[in-house]
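Participant: Return atomic coordinates for the entry below.
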Amino acid sequence: AHAYLFAGPPGIGKSKFARVFAQALFCERHHEAELEMCDECHCCREMNANSHPDYFHIRKPEDKAEISVDRFIGVPEKRPRDGLIYDLSLKPMEARRRIALINDANFMNDEGANAMLKTLEEPPPQSVLILIAEKLDAVLPTIRSRCQLLRFSALSQQDVAELLIENEMASNPEE
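Facilitator: You can find the predicted model right below:
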């Protein structure tokens, strides 16, 4: 898909999964259908260093109540040559595609969400958008309908115990 919406409670790994997903799509040694990453190719190293030129990540500023429209279409004096939508419209610099991660998508103001709607309806070629939201109902229905929805939920205590044992971080379920 060209757009995904990862929804679920905070602290369960939506953002981490989104970065791993993006890195797997960028990896030069694996076909995108494999969803694997090598951690050694140029793209994987750039993702690990947070410096990949075709990866964009925006989120709600800590001192603000919402993600403003400027993050999507740029500040008024630089429009239309600024902002995430413009960045996605350009050809990839190094990879096969450009990927944007929008954390806190449930905090997009109405103007920003409506600006993104056009991009979700007619995505630039070779682009993938990943939106992350804690509260699915706070994301406009028109945005939700244009994304592949993936719901995240907390693991059970039994699953966590098994993973800790499997990864040698604990020796028994009680621990």
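Participant: Quick check: beta-bridge partners of the residue nearest in space to the middle of the chain?
Facilitator: Nearest to the mean C-alpha position of the chain, by CA atoms, centre = their mean, lies L101 at 2.9 Å. According to DSSP bridges, the partner residues bridging L101 are H57, I130.
Participant: How much space separates it from E174?
Facilitator: Distance, L101 to E174, by CB to CB, to the nearest Å: 38 Å. C-betas here are computed from N, CA, C, even on glycine.
Participant: for I67, same thing?
Facilitator: I67 sits 43 Å away from E174, going by CB to CB.
Participant: ok, the two, which is more surrounded?
Facilitator: Per other CB atoms under 10 Å, whichever of I67 and E174 has more neighbours is I67, with 24 against 6.
Participant: pull the CA atoms of the one helix or strand in the chain whose mean pLDDT sits lowest into PDB?
Facilitator: In the chain, the helix or strand scored least confidently by mean pLDDT, DSSP states H and E is helix 157-166, which has a mean of 90. Provided in PDB are the C-alpha atoms of helix 157-166 (Å, rounded to 0.1, in the frame of the first residue of the first chain):
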ATOM      1  CA  GLN A 157       2.000 -11.400  30.200                       C
ATOM      2  CA  GLN A 158       2.500 -14.900  28.900                       C
ATOM      3  CA  ASP A 159       3.800 -13.600  25.500                       C
ATOM      4  CA  VAL A 160       6.100 -11.200  27.200                       C
ATOM      5  CA  ALA A 161       7.500 -13.900  29.400                       C
ATOM      6  CA  GLU A 162       8.100 -16.200  26.500                       C
ATOM      7  CA  LEU A 163       9.900 -13.400  24.500                       C
ATOM      8  CA  LEU A 164      12.100 -12.600  27.500                       C
ATOM      9  CA  ILE A 165      13.100 -16.200  27.900                       C
ATOM     10  CA  GLU A 166      13.600 -16.700  24.200                       C
END
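Participant: How far does it sit from its chain's centre?
Facilitator: Its chain's average C-alpha position is 26 Å from that of helix 157-166, according to CA atoms, centre = their mean, to the nearest Å.
Participant: again with stretch 34-52
Facilitator: Taking CA atoms, centre = their mean, one finds the center of stretch 34-52 at 15 Å from the center of the full chain.
Participant: got the contact list for that stretch?
Facilitator: 19-30, 53, 55, 94-95 (CB atoms under 8 Å, 6 or more residues apart in numbering).
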